[in-house]
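Asks: structure, please.
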Amino acid sequence: MKTAHGMGEKKRKLSKSVRPGAAPDPAPGASFPVVGIGASAGGLEKLQVHQIELEMQNAELAESRDRMALLLEKFTDLYDFAPIGYFSLDCQGRILELNLTGASLLGAERTALVKRPLARFVDPASRAVFNEFLAKVFSGADKQSCEVKLQKSGEVAFWASIHGGGEASPINPSEACRVALSDITAHMLAQEAQHRVEVLSATNDELKREVARRQSVEETLRKSEQHQTLLLDKAQTMQAQLRNLSHRIIDAREDERKRISRELHDDITQTLVGINVNLEALAREATTKPGGLRKKIVQTQRSVEKAVRIVHDYARELRPTSLDDIGLIVTLHSHLNDFMARTGIRVRFRAFAGVEKMGGRQRTVLFRIVQEALVNIDKHAEARQVEVNIRRVANSIQLEIADDGKSFDVERTLNDGNNKRLGLVGMRERAEMAGGTLTIESAPGAGTKVFATLPFDDADRGHALS
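Replies: Predicted structure coming up:
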C-alpha cells in the first residue's frame, strides 16, 4: 500500500524530470514543429503530471478496494460463524437476513428462511411472549430480551434467549430490527436441575425434620411407656404390699385378740374364780367359824384389787386415759417407768413442755410411736439404755428414740413384704397420717435411732422438762 510519503516522492521525481522551459528529449524518429515550442512544452508537462496523479489515485483505489474486500470477508466469516444467531426482521417479524448459525438453529437453509416469519418457529406456549417482545422493540423501547421455546421441524424444542433492538434506517427507524438468538437449553436444563435439587434438598430437609420429630415423639412415647410401666409396677407392688399389710393386720389383730383372751383367761378369770371361791368360803364360815371371817375378807379384797389392776393395765395398753386427762408427758413418764420396771432397761426422758399444745391426734401418734419403739427394743435390740427426747425444731416437733442395742438393715426390713415387724410400718403410717415423717437410722456399733417429725405452729416455745 502506498502512502502520502510515496506520492510526494513521485511528485519530486516528476518535477526533476520535467524542467521549466526545457523541451523533453525527443523520441527516436520523432519530428516536432519549430514554432511554438515553449507553449507546447508547458501543456505537455501538465498532462504528464495529471496522468501520474491519475495513476496514483487508481493505485490507491485498487488498494482500498482490496482492503475492503478483505474486511468484508472477515466480517462475513465473523457474522456467519458467530456462536449465536443474528437476524434482521421487518416490522411484521419476517426474516430479512440471518447468519449461518441462525439458519442452523432453525434447522433450515438460509435462503429458505428469508421472508419467513420467525414466529412460526416459536412454540405456541411461548408465542405471546415473543409477540410482546417484538412489539416493544418496534415501539422504540430500549434493548429488549425474552426467553422462548423454539421448535425445529421434526426435532425436540429447545430454549432460546433473544435480545433485540431497532435497526437504524434513514427512511424509517421502525422498518426493521436486529435480534441475536442463542441456544440456552443447557442453561435452562441446569436451572431446572438446580431447581429440582433445591426442591429435593428442601424436601430432604423437611423429611429430616419430620424424622427427627417422629423420633422425638417415639422417644417421648417410649419414655412415657417406660414411665407407665414403672408406675404400673409400683402400683402393683404397692397393691401387693397393701394386700400383704392387710393380711398381716388381720393376723396381728387376731393374734392380739388371742393374747388378750389368753391373758384375760389366765389372769382375770383365775382372779375372779379365786374371789368366787373366797366368797363361798365366807358364806360357809359365816355360820360355822365367825372368827376367821375377817381374814377371808382381806384376802378377797386383795384379789379384787389385783383384778382391778389387771383390767387397768389392759385398758392403759389399749388406750391410756391419762393421755386425755393429764397429758402426754405424764403418760409417757408412767409408761417409761413401767417399761424400766418390767425390762430392766434404763430410760432417760426429756420433753418440750409446749408439746401439750398439740392436737389430741398428734399427741396420740407420739405416744404410740414411743410405745411401739419400746416394744421393738425389748424384743430385738438387746439394749441396756434408751433415750427419749421431744424437742421443737423450727415449726415442728421432733421425737427422737435412741438405743445402744443391735443394728439392722432398715430399708430391707421396711421393704420386705414378708417381714413380721409391723411396728416399723405402723410407726411410719401413724406419722404420715398426722402430716409428718418418720426416719430410722441404724448402724453397727451405734444402735438405732428413730426420728418422728410432726408439724407444730404454736408461737410459744415452751420449756424442756426432764
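Asks: make it CA atoms for all contacts and neighbour counts henceforth
Replies: OK.
Asks: so which helix or strand of this structure has the lowest pLDDT on average?
Replies: helix 4-17 (a mean of 47; mean pLDDT, DSSP states H and E).
Asks: and whatever helix or strand comes next after it, what other elements does it pack with?
Replies: Sequence-wise, the next helix or strand downstream of helix 4-17 (DSSP states H and E) is helix 37-80. Contact analysis of helix 37-80 by 3 or more C-alpha pairs under 8 Å, 6 or more residues apart in numbering; DSSP states H and E lists helix 4-17 as its packing neighbours.
Asks: and the nearest residue to L336 once chain neighbours are set aside, bridged to which residues?
Replies: Leaving aside its chain neighbours, L336 sits nearest to V347 (6.9 Å; criterion: C-alpha to C-alpha, 6 or more residues apart in numbering). Assessed by DSSP bridges, V347 has beta-bridge partners V386.
Asks: what residues are up against V347?
Replies: Remark: with contacts taken as C-alpha atoms under 8 Å, 6 or more residues apart in numbering, V347 is in contact with 336, 340, 385-388.
Asks: show me the chain divided up by domain.
Replies: 4-20+40-80, 85-183, 321-465 (automatic domain parsing).
Asks: would you turn these into CSV with distance to V199?
Replies: CSV is the format used below for these (distance: least, C-alpha to C-alpha, whole Å):
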stretch, distance to V199
domain 4-20+40-80, 41
domain 85-183, 22
domain 321-465, 61
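Asks: what's in contact with stretch 137-153?
Replies: 91, 105-107, 121-123, 125-127, 129-130, 133, 136, 157-166, 174, 176-177.
Asks: show me where the stretch 51-200 of the chain has helices.
Replies: Listed in chain order, the helices of the stretch 51-200 of the chain (DSSP state H, counting those that start in this stretch) span 100-106, 110-113, 127-138, 185-263.
Asks: do the stretch 351-466 of the chain as well
Replies: 360-376, 410-415, 422-433.
Asks: which one of those helices lies closest to E218?
Replies: The minimum distance between E218 and the helices of the stretch 351-466 of the chain falls on helix 410-415, with 34.3 Å, by C-alpha to C-alpha.
Asks: can you tell me which residues contact the closest residue to A443 other than its chain neighbours?
Replies: Distances taken as C-alpha to C-alpha, 6+ apart put S407 closest to A443, at 5.4 Å, once the chain neighbours are dropped. Listed by C-alpha under 8 Å, 6+ apart, the contact partners of S407 are 381, 442-448.
Asks: okay if I get the contacts of V347 as JSON lines plus pLDDT and distance to E192?
Replies: Converted to JSON lines, the contacts of V347 look like this (pLDDT from 0 to 100; distance: C-alpha to C-alpha, whole Å):
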{"residue": "L336", "pLDDT": "94", "distance to E192": "97"}
{"residue": "M340", "pLDDT": "95", "distance to E192": "100"}
{"residue": "Q385", "pLDDT": "95", "distance to E192": "94"}
{"residue": "V386", "pLDDT": "96", "distance to E192": "92"}
{"residue": "E387", "pLDDT": "96", "distance to E192": "91"}
{"residue": "V388", "pLDDT": "97", "distance to E192": "89"}
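Asks: please spell out the PyMOL selection for the buried subset of the residues you listed.
Replies: With 16 or more other C-alpha atoms under 10 Å as the criterion, this PyMOL line picks the buried residues out of the contacts of V347:
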select buried, resi 336+385+386+388
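Asks: kindly reformat the contacts of V347 as a markdown table containing distance to H195.
Replies: Converted to a markdown table, those look like this (distance: C-alpha to C-alpha, whole Å):
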| residue | distance to H195 |
| --- | --- |
| L336 | 92 |
| M340 | 95 |
| Q385 | 89 |
| V386 | 87 |
| E387 | 86 |
| V388 | 85 |
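Asks: so which two of the contacts of V347 are the farthest from each other?
Replies: Using C-alpha to C-alpha, these reach their maximum pairwise distance at M340 and V388, which is 12.9 Å.
Asks: and S334, what does it touch?
Replies: No contacts exist for S334 under C-alpha under 8 Å, 6+ apart.
Asks: distance of it from D378?
Replies: 17 Å (C-alpha to C-alpha, to the nearest Å).
Asks: check A193 too.
Replies: From A193 to D378 the distance is 90 Å (C-alpha to C-alpha).
Asks: and these two? which has more neighbours close in?
Replies: Taking other C-alpha atoms under 10 Å, A193 and D378 do not tie; D378 has more neighbours (18 against 12).
Asks: what count of nearby residues applies to the nearest residue to the more buried one once chain neighbours are set aside?
Replies: In this structure, D378 finds its nearest non-sequential neighbour in T343, 7.2 Å apart by C-alpha to C-alpha, 6+ apart. Neighbour count for T343, taken as other C-alpha under 10 Å: 10.
Asks: with L245 instead?
Replies: Neighbourhood size, L245 [other C-alpha under 10 Å]: 21.
Asks: what confidence value was assigned to it?
Replies: Listed pLDDT for L245 reads 72.
Asks: ok, A82 next?
Replies: pLDDT, A82: 86.
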